[in-house]
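1. Next one to model:
(one chain, ligands or ions: 2)
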Amino acid sequence: MGKKIVIAILAGILVVLITQTMDADPDAGLIAGQARVSLRSTPATLSENEVQEMLKRRGFYDNTLNRAGHFANEYESRTIYGNQVVLDHATGLMWFQSGEGMGIRYLERWIEELNWRGYAGCHDWRLPTVEEAASLLENKKSNGDLYIDAKFSVGLARIWTCDDVGDRPGHKWVVNFREGSVHGSQVPHDFLPVRSGLTVPEIKPPVPPANLCTKSVDVKGVKVELVWVPAGEFMVGDDEGYNTFRHKVKISRGFWMGKYEVTQALWMKVMGGNPSAVKSGENYPVESVSWMDCQDFLRKLNALTGGKFRLLTEAEWEYACRAGTEGRFFWGMDPSLACQYANVSDLSRYREYPYLQVRIKNSPRKEFDCEDGYVESAPVGSFKPNAFGLHDMLGNVAEWCSDWAYRSYKDTPSVDPQGPSKGERRVVRGSSCGSGAVGGTCSWRWSDPPSRRNRYTGFRLAEDE
Ligand SMILES: [Ca+2]
Ligand SMILES: [Ca+2]
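-> Ligands and ions are numbered 1, 2, ... in the order given. Presented below is the predicted three-dimensional model:
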């Protein structure tokens, strides 16, 4: 009985101590769901004195404060792309444990690519400031290994910050997790990408129009479904590299376009044979057809039907793929939604092919972090359409376009561009079931010699009115 009373009194004293300490902290916020401390997030140039003064003022590395729960931790975590991502309510930081031992210049490019890919649906990953890195260390100390895994606590000792060292150009401050100290450096260290904000941005999925204008053409008993794509303007390309130079293009005339990729059923009716590598059913897309093969097919198809079928131009293709959207994918920016909209290189493919599992040190996995159910190509129309009602514009098989390949969009016409008048390679668009997150976007460009056949490239029909 006496013992219980003593414990209760001690617990009461502890609660009072914790409450007082938190109240005494001018940075402590007490609104649920918000960060408990406000931390500088923008890079600064700091001298040795400024760093030490800041750490002292903040109480970092002060065991008394740690025990009093200065950074009492509230966090959630989830696994994204094989990494543990932590949403840390104490500091207001989202962070994940990634690689180790990278030079700062290479690391800055690595983070650029991370943002290009939209890791975890976010595009604002960065290196922490000294204060942020130190706050993560405080959490580690006061909570043991509560949310930092074994590799982190054993191996990861020093992490980069984004703050420059005042008197040494090219050096950044590095926080030593093991010793609780800070020093300037320019040699490789470990790193923890962070971002401010505990929520993943909301992505609105495309809504197919209620009244699609469609028609179908019968080719010897095979129904070919076409969707009307209206004239319009759009922003082609992106500003994120890969020679895509974002700029406005006008498509001055509407056109009919295959709702699906050309199927093996249609190819066989027109050509009499089936060159495809994946022969799992007639409703699968035809592949292993060269650009030249496609021209033969189109001539025969037009002779059979009296139609004016052709390939899409590269500009028409991207216009139709985007269908009014401006993100990396026609469903928005989040790669983890890919498996609803496209047969891509997914986790099932990652497991199937050991060579995909060989990763260059610190490189993010290239596959989409979801399961679409297909290691190779899938029957056409197995996934949700874009806002024009077109299926498989990204993924499944990549699609030949009519253009000779440009090296760059610069100096190309802004109305109905048709590509150069000559060249050695023809444009391929749309990525395939073998494409990961970088090569799987609306603006991604590829080209192949017109005689090349491969199991990841097919095509889609266009027809002028
Ligand atoms: Ca797949
Ligand atoms: Ca496709």
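2. Going by C-alpha atoms from here, please, whenever you check contacts or count neighbours.
-> Fine.
3. Does the closest residue in space to residue 235 that isn't next to it in sequence belong to a helix, a strand or coil?
-> Closest residue to residue 235 apart from its sequence neighbours, by Cα to Cα, 6 or more residues apart in numbering: residue 248 at 4.4 Å. Assigned with DSSP: H, G, I helix; E, B strand; the rest coil, residue 248 falls in the strand class.
4. Residue 248 is in contact with residue 233, isn't it?
-> Yes. Using Cα atoms under 8 Å, residue 248 is in contact with residue 233, at 6.9 Å.
5. Of these two, give the one with the bigger neighbour count.
-> residue 233 (15 against 12; other Cα atoms under 10 Å).
6. Need the contact partners of whatever helix or strand the more buried one lives in.
-> Using DSSP states H and E, residue 233 maps to strand 232-236. The contact list for strand 232-236 (Cα atoms under 8 Å, 6 or more residues apart in numbering) reads 244-254, 315, 318-319, 324, 326, 443.
7. Buried ones among the residues you listed?
-> Buried members of the contacts of strand 232-236, scored by 16 or more other Cα atoms under 10 Å, are 244-246, 249-251, 315, 318-319, 324, 326, 443.
8. In three-state terms, label residue 95 for me.
-> Relying on three-state DSSP, one would call residue 95 strand.
9. How much space separates it from residue 108?
-> Distance of residue 95 to residue 108, computed by Cα to Cα, to the nearest Å: 16 Å.
10. same thing with residue 120?
-> 18 Å.
11. Quick one: the helices in this protein, in order.
-> 2-24, 48-58, 63-67, 104-117, 130-142, 150-154, 264-271, 291-305, 314-322, 338-341, 347-352, 354-357 (DSSP state H).
12. and the gap between residue 315 and ligand 1?
-> According to Cα to the ion, to the nearest Å, residue 315 and ligand 1 sit 26 Å apart.
13. contacting residues around that residue?
-> Here residue 315 is in contact with 236, 249, 251, 416-418 (Cα under 8 Å, 6+ apart).
14. from the chain's centre, how far out does stretch 250-263 sit?
-> 27 Å (Cα atoms, centre = their mean, to the nearest Å).
15. show me where pLDDT drops low in the stretch 1-150 of the chain?
-> Scanning the stretch 1-150 of the chain for pLDDT under 70 picks out 1-37, 59, 61-84, 97-100, 116-118, 137-150.
16. of all the buried ones among the contacts of strand 232-236, which comes closest to residue 39?
-> residue 326 (33.3 Å; Cα to Cα).
17. who touches the closest one in this structure?
-> The neighbours of residue 326, taking Cα under 8 Å, 6+ apart as the test, are 235, 332.
18. all strands of the stretch 101-250 of the chain, in order?
-> 158-165, 172-176, 181-185, 194-196, 214-219, 222-229, 232-236, 247-251 (DSSP state E, counting those that start in this stretch).
19. Pull the third one out as PDB, backbone CA atoms only.
-> Taking only C-alpha atoms (Å, rounded to 0.1, in the frame of the first residue of the first chain), the coordinates of strand 181-185 have been written out as PDB:
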ATOM      1  CA  SER A 181      28.900  16.800 -31.900                       C
ATOM      2  CA  VAL A 182      29.000  18.900 -35.100                       C
ATOM      3  CA  HIS A 183      31.900  19.500 -37.400                       C
ATOM      4  CA  GLY A 184      32.500  20.900 -40.900                       C
ATOM      5  CA  SER A 185      33.400  18.500 -43.700                       C
END
